[in-house]
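Undergrad: dropping the sequence and predicted coords here.
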Amino acid sequence: MKIIQLLPLLSLVWGSVQAEVYHMPKDTIIIRISDREEIRIISSSGNELQQLSQYDLNKIIRELNEKAGESGDNVTITMQDSTGTEYVLERSEEEEDEIEASETDEEDEQMLEDKVERLEKEIDRLSESMQEKRNEEKEVRFNKKSGQGTNSTFTIEFGLNNYLSNGTFPSDDNELYAVNPIVSWYVALGSMNSTHIAGPLSLDWGANVSWYNFKFENERTRIEKLDDGLLFYEDPTPDISPVKSKLVVPYLNVSMVPMFIFGKRRSSDWEPFSYHENDGFRIGLGAYAGYRVGSRTKFVVKDDGDRRRVKDKTNFYLNNWRYGARLQVGFRGVDLFANYDLNELFVEDKGPQLNAFSFGIIL
């Protein structure tokens with residue numbers, strides 16, 4: 001039996017044999033010469049497939065064709081991945097006739113080179129197909145793994161805040177403490193964790209620090225703390241131009257929100273402003289509680305063209321605790337929230353009966 005000398009592939013085949021001995025191969029190229037003779041190129045990383053373009057395939061095909069002519073058999077090249085899927089390259093009878101004619105006539109040498117070029121392109125195509133299959137398997141493994149355990153994310157909540165008095169807005173009654181709904185901002189910074197429980201059910205839980213910014217619609221609104229309660233009044237100072245009047249209340253908060261998450265998780269690179277890396281719809285309703293860590297008022301006026309700021313830091317009979325219900329809704333890379341305080345903003349009988357709320361986007 002004559003042995004084909006394929007020196008350009010010797011080192012590659014030897015490395016492949018070692019890979020077959022010590023661990024299971026992932027991708028394989030099989031060049032069958034006869035029923036009992038074949039050459040195997042085993043790839044552990046997929047890179048060897050691209051190295052084939054560096055070898056003289058003209059010479060390889062001629063030698064394989066000579067061997068096939070001696071044995072009377074056709075030559076079949078098979079690429080096989082780790083799942084057992086095979087990609088077969090087999091010369092047709094027409095191609096056999098063309099190659100045989102080109103070998104007997106040196107003027108038709110270009111025909112063989114064209115065939116080899118097409119073979120190289122087909123190998124490249126099959127290599128890309130096998131790589132895509134490996135990527136799909138990797139994504140499936142990622143989806144199975146990422147659905148378990150707990151994922152943590154730094155979040156920024158940004159939106160608007162306001163409050164209701166017995167179910168109506170204070171602006172409906174032209175109250176001095178009515179807020180400007182467009183520039184009364186709510187901001188929260190913290191960490192959110194998502195723990196998978198079962199099926200589509202997960203639990204979002206975490207902690208953050210938040211700020212209510214109640215910017216009064218009437219820039220002349222002032223707040224004074226008296227022994228028997230709060231007094232809201234208009235600044236009577238003449239010859240001034242009021243610019244801003246607001247009440248700021250910061251809290252430390254914790255929250256727990258059961259979430260129903262539908263759709264598969266993505267295996268893309270980490271995105272710092274993606275709260276849930278999920279392609280589907282998600283919704284949840286939970287609760288939160290917070291502790292007040294400060295409060296202040298800020299008044300800004302223009303006096304003779306100069307800006308003058310007046311700040312007052314006191315508790316203003318604000319409740320130390322807040323607690324309420326939280327709604328979260330998301331789709332793909334966008335998550336929204338809505339908070340509603342079930343307890344009143346001020347101590348009972350010391351200020352107006354107001355229930356604060358906020359809503360916005362989670363970054």
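TA: Structure's in. What do you need? What you are looking at is a predicted structure, and each value in this text was computed from that prediction instead of being measured. Residues are numbered from 1 along each chain as shown.
Undergrad: show me where the stretch 251-363 of the chain has its strands.
TA: 281-292, 296-303, 306-312, 321-331, 334-341, 355-362 (DSSP state E, counting those that start in this stretch).
Undergrad: what sits closest to Asn218 if chain neighbours are left out?
TA: Leu176 (5.9 Å; C-beta to C-beta, 6 or more residues apart in numbering). Every C-beta, even on glycine, is put in place using the N, C-alpha and C of the backbone.
Undergrad: for the one you found, helix, strand, or coil?
TA: coil (DSSP: H, G, I helix; E, B strand; the rest coil).
Undergrad: is it true that it touches Glu219?
TA: No. Counting by C-beta atoms under 8 Å, Leu176 sits too far from Glu219 to count as a contact (11.0 Å).
Undergrad: now do the helices in this protein.
TA: 10-22, 47-51, 57-71, 93-104, 109-146 (DSSP state H).
Undergrad: report pLDDT for Val116.
TA: Model confidence at Val116, given as pLDDT, is 72.
Undergrad: how near is it to Gln110?
TA: In this structure, Val116 and Gln110 are 11 Å apart, going by C-beta to C-beta, to the nearest Å.
Undergrad: which one's more surrounded, those two?
TA: A direct count of neighbours by other C-beta atoms under 10 Å for Val116 and Gln110 places Val116 higher, at 18 against 9.
Undergrad: any idea how far the more buried one lies from Ile182?
TA: 70 Å.
Undergrad: one more: Glu117?
TA: Counting by C-beta to C-beta - Glu117 and Ile182 are separated by 67 Å.
Undergrad: of the two, who's got more company?
TA: Glu117 (12 against 9).
Undergrad: separation between the more buried one and Asp124?
TA: Glu117 sits 11 Å away from Asp124, going by C-beta to C-beta.
Undergrad: and the closest residue to Ile197 other than its chain neighbours, what does it touch?
TA: Of all residues not flanking Ile197 in the chain, Leu203 sits nearest, at 5.9 Å (C-beta to C-beta, 6+ apart). Neighbouring residues of Leu203 by C-beta atoms under 8 Å, 6 or more residues apart in numbering: Ser194, Thr195, Ile197, Met256, Val257, Pro258, Met259.
Undergrad: look up phi and psi at the closest residue to Pro170 other than its chain neighbours.
TA: In space, and not counting its chain neighbours, Pro170 is closest to Ala178: 4.1 Å by C-beta to C-beta, 6+ apart. Main-chain torsions, Ala178, degrees, to the nearest 10: phi -60, psi 140.
Undergrad: what's around Ala178, how many residues?
TA: By other C-beta under 10 Å, neighbour count at Ala178 equals 21.
Undergrad: avg pLDDT for stretch 186-203?
TA: pLDDT averaged over stretch 186-203 gives 95.
Undergrad: and if you look at stretch 245-259?
TA: On average, stretch 245-259 scores 98.
Undergrad: now swap in stretch 165-180 and tell me
TA: pLDDT averaged over stretch 165-180 gives 95.
Undergrad: can you pull the contacts of Thr287?
TA: I think there's a mix-up here, since residue 287 is Ala and not Thr. By C-beta under 8 Å, 6+ apart, the neighbours of Ala287 are Ser255, Met256, Val257, Tyr323, Gly324, Ala325, Arg326.
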